[in-house]
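1. Quick one, what's the 3D model for this:
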Amino acid sequence: MSTTQPAPPARRKDPDRRERIARAAIEVVAERGVEKLTHRSVAAAAGVPLGSTTYYFATLDDLLASALRQAAEDDVEHMRRWADELEPGCDLAEALTDLVLHYLGDARAQTAVEHQLYIAALHKPALRQVSQEWDTWLAELFASYTDETTGRALSVLFCGWQLQGIVRESVPSRDEIETTFRRMLEPGAKT
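-> This next block holds a predicted model:
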């Protein structure tokens, strides 16, 4: 009589592991900076074996690109919700000012890490495509309220305020930010 061995227990599937690793990479960059990102530090932050990080992301550039893409997707989702809540005919300069102040207030840490990842593209060509896609999406969003050229200019101004705001000791004033958006949206306006 042959005895049949029971099948080994099925391995648990972890469909969110790749995303969890990317989010852990964002956390590591936030805590230590881009230059201190390692597969080992990300594995520890994600609570996964080291082999999982190298399985999904063979190089650190792959891991950084995934972190940047995740940060961009999270930001795009936030911006979509913001856009969906705008009232028709709203004061766009005021709405953009509120958004900048959100990113420099409650979301300051997130803004800092997003910019660290974005700026890493200066030295890591693998990140440039994701950074450019993020830029394009933001410009298209703002263009949906204005026109293509103004949308691009607003995205540059918006990102500039964020970058300056996270390196300044104090957050720019509401008036300072809003004045520049008004000037962009109402050329020739005396503000």
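
2. Three-state assignment for the spatially closest residue to residue 37 that is not a sequence neighbour, please.
-> Leaving aside its sequence neighbours, residue 37 sits nearest to residue 28 (C-beta to C-beta, 6 or more residues apart in numbering; 5.4 Å). Every residue, glycine included, has its C-beta placed from N, CA and C. On the three-state scheme (DSSP: H, G, I helix; E, B strand; the rest coil), residue 28 is labelled helix.

3. any idea how far residue 89 is from residue 28?
-> Shown here: residue 28 relative to residue 89, a distance of 43 Å by C-beta to C-beta, to the nearest Å.

4. Quick one: name whatever helix or strand follows the longest helix along the chain.
-> As assigned by DSSP state H, the longest helix anywhere in the chain is helix 60-85. Downstream of helix 60-85, the next assigned helix or strand under DSSP states H and E is helix 92-104.

5. Okay, angle between the next helix or strand after that following helix and helix 60-85 too, please.
-> As assigned by DSSP H and E, the chain's next helix or strand after helix 92-104 is helix 108-119. Between the axes of helix 108-119 and helix 60-85, defined by axes from the mean of the first three to the mean of the last three C-alpha atoms, to 10 degrees, the angle is 130 degrees.

6. Mind checking the pLDDT average for helix 108-119?
-> Helix 108-119 comes out with an average pLDDT of 92.

7. List the buried residues for the helix or strand following that helix?
-> Downstream of helix 108-119, the first helix or strand assigned by DSSP H and E is helix 128-143. For helix 128-143, the neighbour count (16 or more other C-beta atoms under 10 Å) marks 130-131, 134-135, 137-139, 141-143 as buried.

8. Format those residues as a markdown table; extra columns: distance to residue 179.
-> What follows is the buried residues of helix 128-143, written out as a markdown table (distance: C-beta to C-beta, whole Å):
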| residue | distance to residue 179 |
| --- | --- |
| 130 | 32 |
| 131 | 28 |
| 134 | 26 |
| 135 | 24 |
| 137 | 26 |
| 138 | 21 |
| 139 | 22 |
| 141 | 22 |
| 142 | 18 |
| 143 | 22 |
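
9. can you pull the contacts of the residue nearest to residue 37?
-> For residue 28, the contacting residues are 36-38, 41-42, 45, by C-beta atoms under 8 Å, 6 or more residues apart in numbering.
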